[in-house]
Structures are given as structure tokens and as C-alpha cells.
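Asker: A predicted structure for the sequence below; I have some questions about it.
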Amino acid sequence: MPEPALVLWDIDATLLTIRPLGREIHAAAFTETIGRPLRERAVTTGRTEQAIVRDTLRANDAPTDDDTISALFEAMGRAAVTIEDRMREFGRQMPGAAAAIGSLAVAGVIQSVVTGNLRSVTGSKLRALGLTDHLDLSVGGYGDDGLDRADLVRRALERTQAAYGRTFAPARVIVIGDTPHDVRGALDVGVRAVAVASGETTAEDLAAAGADAVLADLTDLDALWQAMFGGAQTRGLPV
């Protein structure tokens, strides 16, 4: 019987994009929680929401205590739900994303996410862009789980193994993302890192970060399977 496999997807610029609506979520939640408009937003690319929110609060001279952060997270979830229609209008799936997820599902690969987004915001984005099929969002690692991407990968692996009653060998756990943060998070946990140069980071920089494989995007399914499982793996066969 084949060993079980787990693929953990990054969200933004890997599976989808909703730009420029991400700032709207932060701005609406900040105003609701802090009581004044958002002036400055921290750098977001590849980072966890824990880190983004703390830096954003500091940059806007706002409190960074746990209660404030918790309230802000809740407000962000509400804000994301209110703009799901606009996500459908302005957002888009990244090329090949739906087909890639579908190909893995046919082969019986368990799929979830490792994303800097909050769990609540992740659900809104994936629902709006029609990508919830075959992704188990009850497990996964989310931006409310920790400051470091490696923490998110660990939580995703722990949750999935507990939920499915399976142990995944490190070589059968694949994190797919578009930034060096995604790559380092996977490598720090000792699992496989597949990078896609579909965001702001070049293929050269992703390779320099240590990715096990780098793809231009998700459109070539044979190349994706090769990157994930190696040359012995035939696309579409049970894994």
C-alpha cells in the first residue's frame, strides 16, 4: 500500500489573489477595533497575520496586547465575510490552481493549507474563489497559530495526523508556496518545499532560499507531480 501523502498549500499568490482587497480587510478591522482609520500597514508578503498585525499596530501607535489582537482578528474575519462578493469580482484563481488541487484529490492525496492568513479569512478567500473542494480546512496551519511559518507547518502536520490517524513521512509532506518564508517554514520542519514563482519572488530567489523544486506556476501538472514526488511518481496514480 502506498505511503500517505499530505500537501499543504499557501494561499495568496499561490492559489489565488484578491488584490487590492487585502488592505480593505485590515483597514475595516482596524477602524472597528481601534476607533480610528488605519494609517500604515506593515509588510504582508509571506508573513503570518500574527506578525503583520503586531507590526501594524505598532506603526499606528495602537496597543499590542493580546486582547486587542484577539479583537482585531475577530473583526478581520467579519470584514472578510462582508466583501466575499467583491473578492469574486476582483479576485482570481492563480493559473492551474483548481486543476492541480483536483489532480491530487483524484490520487487520494490529503490536502490542506499553510497560510499566514487567519483561519476565518482563509475560508472567505477560498469560498469566494471557488477553491474549497478537496481542501480540508479543519486542519492546516493558519496565521493565528503563531509568528513563524515553521510553527504553522508543525500545527498543520499535528492536526492532520490526529484527524486522519496517519503518520506522514517527511518526504511525503509537501509545502507549496511562492515566497522564501514558505520555503524556510517547510525546511525548518524537515518536510519538502516546492516553490512557485507566481508571486513577487523570482525563481532564482526561491531556489536560493533552498526550495527542493521551483516551478513557474501550477499549469504543468506533470512538472508539479515531479516536483512533489520525484521522477518515480506517475501523475494520477494513487500515492
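Answerer: Looks like it came in fine.

Asker: residues making contact with stretch 28-37?
Answerer: 27, 38, 56-57, 60, 62, 68, 71-72, 75-76, 78-79, 82 (C-beta atoms under 8 Å, 6 or more residues apart in numbering). The C-beta positions use only the backbone N, C-alpha and C, and glycine is treated the same way.

Asker: 10 Å instead?
Answerer: The contact list for stretch 28-37 (C-beta atoms under 10 Å, 6 or more residues apart in numbering) reads 27, 38-39, 41, 53, 56-57, 60-63, 68-80, 82-83, 121.

Asker: Give me the phi and psi for G143.
Answerer: Here is the backbone geometry of G143 (degrees, to the nearest 10): phi -60, psi -20.

Asker: need the contact list for it.
Answerer: Neighbours of G143 in contact, by C-beta under 10 Å, 6+ apart: 11, 47-53, 73, 76, 114-119, 121-122, 149, 152.

Asker: tell me the SS of the closest residue to G96 other than its chain neighbours?
Answerer: Ranked by C-beta to C-beta, 6 or more residues apart in numbering and with sequence neighbours excluded, the top spatial neighbour of G96 is L218, at 3.3 Å. What DSSP: H, G, I helix; E, B strand; the rest coil gives for L218 is coil.

Asker: Spit out the contact partners of L218.
Answerer: 9, 14-15, 93-101, 103, 176, 194, 196, 198, 224.

Asker: Per-residue pLDDT of it, please?
Answerer: At L218, the model reports a pLDDT of 98.

Asker: still on that earlier bit, just the ones of the contacts of G143 in helices?
Answerer: Judged by DSSP state H, the contacts of G143 include E49, Q50, A51, I52, V53, F73, M76, R119, V121, T122, R149, L152 as members of helices.

Asker: which two from the residues you listed end up farthest apart in space?
Answerer: Using C-beta to C-beta, the pair of the ones in helices among the contacts of G143 lying farthest apart is M76 and R149, separated by 19.0 Å.

Asker: quick one on the thing from earlier: would you turn the ones in helices among the contacts of G143 into CSV with pLDDT?
Answerer: Converted to CSV, those look like this (pLDDT from 0 to 100):
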residue, pLDDT
E49, 91
Q50, 90
A51, 89
I52, 92
V53, 92
F73, 96
M76, 96
R119, 96
V121, 96
T122, 97
R149, 93
L152, 96
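
Asker: Provide a PyMOL selection command restricted to the buried entries of those residues.
Answerer: Buried subset of the ones in helices among the contacts of G143, written as a PyMOL selection, criterion 16 or more other C-beta atoms under 10 Å:
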select buried, resi 49+50+51+52+53+73+76+119+121+122+149+152
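
Asker: State the number of residues packed around the residue nearest to G140 when sequence neighbours are not counted.
Answerer: Closest residue to G140 apart from its sequence neighbours, by C-beta to C-beta, 6+ apart: S112 at 3.8 Å. Neighbour count for S112, taken as other C-beta atoms under 10 Å: 22.

Asker: And what about S112, helix, strand or coil?
Answerer: S112 ends up strand, using three-state DSSP.
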